[in-house]
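S.K.: Next input, structure requested:
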Amino acid sequence: QTGGGSGFKVRIEGKTYFLSNEHVFSGASKLDIYTQNGDKVEIPKQVEVCKDKDLFRFELVGDGGIEIRKEIKLGEPVTSYGNSHAGDVLTDSKGKVLGIGPDSVEVSCEIVPGNSGGPVIGDDGKLIGVASLLTKREDSWSKNTRFEKIRKFALRVDQNEEWIVMPFEIFQKESKILSGIESSLEEIRFKIAPLGGETDKIIRTTISASNPEKRQAQGKVDVAIDSYNRDLEYKKVYHLFFSKLAEACEALISENSEFWKSEWSKKRYDDLSTRAKQYADEIRAHRDTIKKTL
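M.R.: Got it, this is the predicted structure:
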């Protein structure tokens, strides 16, 4: 609720839109958009969310906006604009195109959180992509190469994207629940589970989900952490700890998906269901590997 991101005016098929990332807007109860001059931008009752990309838009009255360019070249200079670290000032960072794909472009600009949703623009003033993603992978193959550092990606907006129209009120309500489920899954898989065997005691945590399944999932996380912290026999502690975390991932997803009122919500829910099962399988596989070594 204290976060910030970026957005901009763009021309798409002869119309002017406000364009940003879906994740910049997802999960927030209160949203305010301001121009760099301090003018407030009103969010309409109907908004559009991209079906297959992390993009969010709504139509603006009037003309103007950045034109989109389809032809992109490796090595060409680009500039990223945005609200770096949510400092409420417009910043720019120059770089070049490092990689090109059908859906995204890798750039060397100094993109940081807060730049999400901002434009990456070529020297001709046309849009290359929307700053959206930071990744980092640590392995022996990447050592001493540029790939061991944080990589920055911008989503392309020139591929005839499919947009889903929905009431902004529904988007706010449902994205808050979906964001809570996603945050909880990430927390269990990447923050709690890795602590097994790496620390003497794990501090109790409150997962982020706000859906009805949260209470059941929270109970399983509590059992997992409490069992780990108790002075129980070594093998039993590990087995119960990882088993309950896997069950918590599955508990966050309900079998009844009739709640979702939009095509976008149903698709994102299905994606999270798949991720929950994947994380549960990964946690159980790690549990079984430890069991074999003990």
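S.K.: and V105, how far is that from L74?
M.R.: 10 Å (C-beta to C-beta, to the nearest Å). (Each C-beta comes from the backbone N, C-alpha and C, glycine too.)
S.K.: What of F259?
M.R.: For F259 relative to L74 (C-beta to C-beta), the value is 45 Å.
S.K.: Looking at V105 and L74, which is more packed in?
M.R.: Between V105 and L74, counting by other C-beta atoms under 10 Å, V105 is the more crowded of the two (22 against 11).
S.K.: Remind me which helix or strand the more buried one belongs to.
M.R.: Using DSSP states H and E, V105 sits within strand 104-107.
S.K.: what packs against that strand?
M.R.: Packing partners of strand 104-107 (3 or more C-beta pairs under 8 Å, 6 or more residues apart in numbering; DSSP states H and E): strand 91-100, strand 127-135, strand 151-155.
S.K.: 6 Å - rerun?
M.R.: Helices and strands touching strand 104-107, by 3 or more C-beta pairs under 6 Å, 6 or more residues apart in numbering; DSSP states H and E, are strand 91-100, strand 151-155.
S.K.: distance between it and the chain's centre?
M.R.: How far strand 104-107 lies from its chain's middle: 17 Å, per C-alpha atoms, centre = their mean, to the nearest Å.
S.K.: Now it: buried residues?
M.R.: 104-107 (16 or more other C-beta atoms under 10 Å).
S.K.: and of the residues you listed, the nearest to L240?
M.R.: Among the buried residues of strand 104-107, S104 lies closest to L240 (C-beta to C-beta), at 41.3 Å.
S.K.: Beta-bridge partners for the closest one, please?
M.R.: For S104, the beta-bridge partners under DSSP bridges are L155.
S.K.: With E110 as the reference, measure out to it.
M.R.: Applying C-beta to C-beta, the value for S104 to E110 is 18 Å.
S.K.: again, but for T135
M.R.: For T135, the distance to E110 equals 15 Å [C-beta to C-beta].
S.K.: neighbour-wise, which of those two wins?
M.R.: The neighbour comparison of T135 against E110 (other C-beta under 10 Å) goes to E110, with 15 against 10.
S.K.: A251 against R215, yeah?
M.R.: No: A251 lies out of contact with R215 (C-beta atoms under 6 Å); the separation is 9.1 Å.
S.K.: between those two, which one's more packed in?
M.R.: Legend: neighbour count by other C-beta under 10 Å for A251 and R215, higher for A251 (22 against 10).
S.K.: Now that one: phi and psi?
M.R.: Backbone dihedrals for A251, given as degrees, to the nearest 10, come out at phi -70, psi -20.
S.K.: element containing the nearest residue to it once chain neighbours are set aside?
M.R.: Sequence neighbours aside, A217 is the residue nearest to A251 in space, at 4.0 Å (criterion: C-beta to C-beta, 6 or more residues apart in numbering). If you go by DSSP H and E, A217 is part of helix 214-229.
S.K.: Now that helix: buried residues?
M.R.: Using 16+ other C-beta under 10 Å as the test for burial, helix 214-229 gives 214, 217-218, 220-225, 227-229.
S.K.: Kindly reformat these as a markdown table containing pLDDT.
M.R.: Shown next, in a markdown table, are those (pLDDT from 0 to 100):
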| residue | pLDDT |
| --- | --- |
| K214 | 84 |
| A217 | 92 |
| Q218 | 93 |
| K220 | 93 |
| V221 | 94 |
| D222 | 93 |
| V223 | 93 |
| A224 | 93 |
| I225 | 92 |
| S227 | 88 |
| Y228 | 89 |
| N229 | 88 |
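S.K.: residues touching I100, list them.
M.R.: For I100, the contacting residues are I72, by C-beta atoms under 6 Å, 6 or more residues apart in numbering.
S.K.: okay, and for the stretch 1-150 of the chain, where does confidence drop off?
M.R.: For the stretch 1-150 of the chain, residues meeting the criterion pLDDT under 70 lie at 1-2, 136-142, 145, 147-148.
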